[in-house]
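[1] Please work out how this folds:
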Amino acid sequence: MIFRTAPKKKSDFLILSDVLLKYRGPGGNVIIPDGVRRIGKRAFERSSLTSLTIPESVSSIGDSAFSDCQSLVSLTIPGSVTSIGKSAFSECQSLVSLTIHDGVTSIGSYAFERCERLSTLTIPGSVTSIENSAFSWCQSLSALTIPDGVTSIGESAFYFCKSLTSLTIPESVTSIGSNAFAGCRSLTGLTIPESVTSIGSFAFEGCGSLTGLTIQGSVDSIGVAAFKGCRSLSSLVIHGSVPESLEDQFRGCRSLSSLSLSDSAVSVTRFMTFPPYVRCHTPAAADCVPSPVYLGGSPGGLKEETLRKAARGFIYAQETGVREISRWKQDYLDYIRGHIGPFLEEAETDRQVLLFLVREELLDKDEADRFLDLYADSDDLVIRAALLDYRRRKFGQGGPDDLSL
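    Here you go, the predicted structure:
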């Protein structure tokens, strides 16, 4: 008689020492065994688990440990865990609720990227850094409080969290990375605390519902297009100093109508490069600095670089119908006439500048002919008609026989 031993049942977990290297089970409700201290890289990647219990023995979760676990609905990370690795829970697209207990100090890059149904999030006070893209594309996240203790918010940390309506940034934060909150188009109000000294490029680009912005302290650097396209932003309050130029940082903020400067050290001329469509409805108010051409001072006292930008703002103000300015109009016209070269170059690619030069009769015959040739094959009938009319009025020539519309 031959006796056969039953094959040993294969464990759902491959564990070496105290490291869980691989989960090999069927999914569903998974309880990680007590004694596991570390969950290794890609240990549960693409598993079919629906719920997960992490024991208090676990201190670290490795890179991509639970990435692409499409059926995981809720998650609690115990206080014993101190670090969450890169992409640890990325693309867990069914994850709705996430609780991270005190103990975690860093949330790695892409840790919860594309957890698109994540609606509630509690970040513990033990966290000191939120790395790049940690919660990017969490499109259902509606409210966020970043705890005291966080000093840096990484690049694209909350990129395109399009449902985020409220955001609290604590006094501990010193830097906000590029694209950190770009595309958070439901965000309505924002206060940047005094502790923040740098705001990265495109940090809040496309926050189209943002109506009010307060910068509490002095910011050493505001990156290019940091608030670009915040088209609903109407009120900007700055309590400290700001970088010299803010030309590109607020481009596309077409509703900005009130600018309040609480620090007397902030120079009015620093805002000369604001986009020309910035308006001030109460220009007499002491705390309101109007857009470039509405300033209560002669352009003659400005430095050359600032004056050129202010003159360009003046052109746009005239041509976009924001407001007709007469007090310093002749000064700007004289400056443009005396420095026509750069404005002619801009007119080659900027129709507003060209229309202004035509309207104010600043083109000579050769220049008018050159622009007519440039627009000979253009579908822009407004430009072509304006040039034809100008040449006819100014030089007694030009008409349908010369250039058909």
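
[2] count of neighbours near residue 308?
    If you count neighbours by other C-beta atoms under 10 Å, residue 308 ends up with 17. Every residue, glycine included, has its C-beta placed from N, CA and C.

[3] Let me know the helix or strand that the nearest residue to it once chain neighbours are set aside is in.
    Spatial nearest neighbour of residue 308, chain neighbours left out: residue 342 (6.7 Å); criterion: C-beta to C-beta, 6 or more residues apart in numbering. Applying DSSP states H and E as the criterion places residue 342 in helix 340-347.

[4] coming back round to it: if I look at the residue nearest to residue 308, how far off is residue 372?
    Computed as C-beta to C-beta, to the nearest Å, the residue 342 to residue 372 distance reads 21 Å.

[5] ok, back up a step: and the helix holding residue 342, what's buried?
    For helix 340-347, the buried set under the neighbour-count rule, 16 or more other C-beta atoms under 10 Å, comprises 340, 343-344, 346-347.

[6] now the residues you listed as TSV including distance to residue 155?
    Below are the buried residues of helix 340-347 laid out as TSV (distance: C-beta to C-beta, whole Å):
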residue	distance to residue 155
340	43
343	38
344	40
346	33
347	38
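
[7] Specify which member of these is nearest to residue 393.
    residue 347 (18.4 Å; C-beta to C-beta).

[8] neighbours of the nearest residue to that closest one once chain neighbours are set aside, just the number please.
    Of all residues not flanking residue 347 in the chain, residue 354 sits nearest, at 3.9 Å (C-beta to C-beta, 6+ apart). Residue 354 sits with 25 neighbouring residues when counted by other C-beta under 10 Å.

[9] secondary structure class for residue 354?
    With DSSP: H, G, I helix; E, B strand; the rest coil as the basis, the three-state label of residue 354 is helix.

[10] show me the residues around it that make contact.
    347-348, 371, 383 (C-beta atoms under 8 Å, 6 or more residues apart in numbering).

[11] Can you flag the buried ones in these?
    Buried among the contacts of residue 354 (16+ other C-beta under 10 Å): 347, 371, 383.

[12] The second one looks like it's in a strand, true?
    Okay, so that is residue 371. No. According to three-state DSSP, residue 371 belongs to no strand; its state is helix.

[13] which intervals of the stretch 151-300 of the chain have sub-threshold pLDDT?
    243-247, 257-259, 261-300 (pLDDT under 70).

[14] So the closest residue to residue 148 other than its chain neighbours versus residue 152, what's the distance?
    Nearest non-adjacent residue to residue 148, counting by C-beta to C-beta, 6+ apart: residue 170, 4.6 Å away. Distance, residue 170 to residue 152, by C-beta to C-beta: 12 Å.

[15] can you pull out the helices in the protein?
    For the chain, applying DSSP state H gives helices covering 304-319, 329-338, 340-347, 351-359, 365-374, 381-395.

[16] Using CSV, lay out those together with distance to residue 38 and mean pLDDT.
    Formatted as CSV, the helices of the chain follow (distance: least, C-beta to C-beta, whole Å; pLDDT from 0 to 100):
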stretch, distance to residue 38, mean pLDDT
helix 304-319, 56, 68
helix 329-338, 67, 82
helix 340-347, 60, 88
helix 351-359, 61, 86
helix 365-374, 67, 89
helix 381-395, 67, 86
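
[17] Export those as JSON lines, with columns for distance to residue 255.
    Below are these laid out as JSON lines (distance: least, C-beta to C-beta, whole Å):
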{"stretch": "helix 304-319", "distance to residue 255": "16"}
{"stretch": "helix 329-338", "distance to residue 255": "25"}
{"stretch": "helix 340-347", "distance to residue 255": "26"}
{"stretch": "helix 351-359", "distance to residue 255": "20"}
{"stretch": "helix 365-374", "distance to residue 255": "33"}
{"stretch": "helix 381-395", "distance to residue 255": "26"}
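
[18] thinking again about what came up before, you'd agree the residue nearest to residue 148 is up against residue 194?
    No. Counting by C-beta atoms under 8 Å, residue 170 stays clear of residue 194, with 11.0 Å between them.

[19] Residue 139 reaches residue 159, doesn't it?
    No. Taking contacts as C-beta under 8 Å, residue 139 lies outside contact range of residue 159: 10.5 Å.

[20] more neighbours, the two?
    Neighbour totals were compared for residue 139 and residue 159, and residue 159 leads with 26 against 17 (other C-beta under 10 Å).

[21] contacting residues for the nearest residue to the more buried one once chain neighbours are set aside?
    Spatial nearest neighbour of residue 159, excluding adjacent residues (C-beta to C-beta, 6+ apart): residue 136 at 3.9 Å. Counting by C-beta under 8 Å, 6+ apart, residue 136 touches 110, 113-114, 156-161.

[22] And residue 136, how far from residue 75?
    To residue 75, residue 136 is 18 Å away according to C-beta to C-beta.
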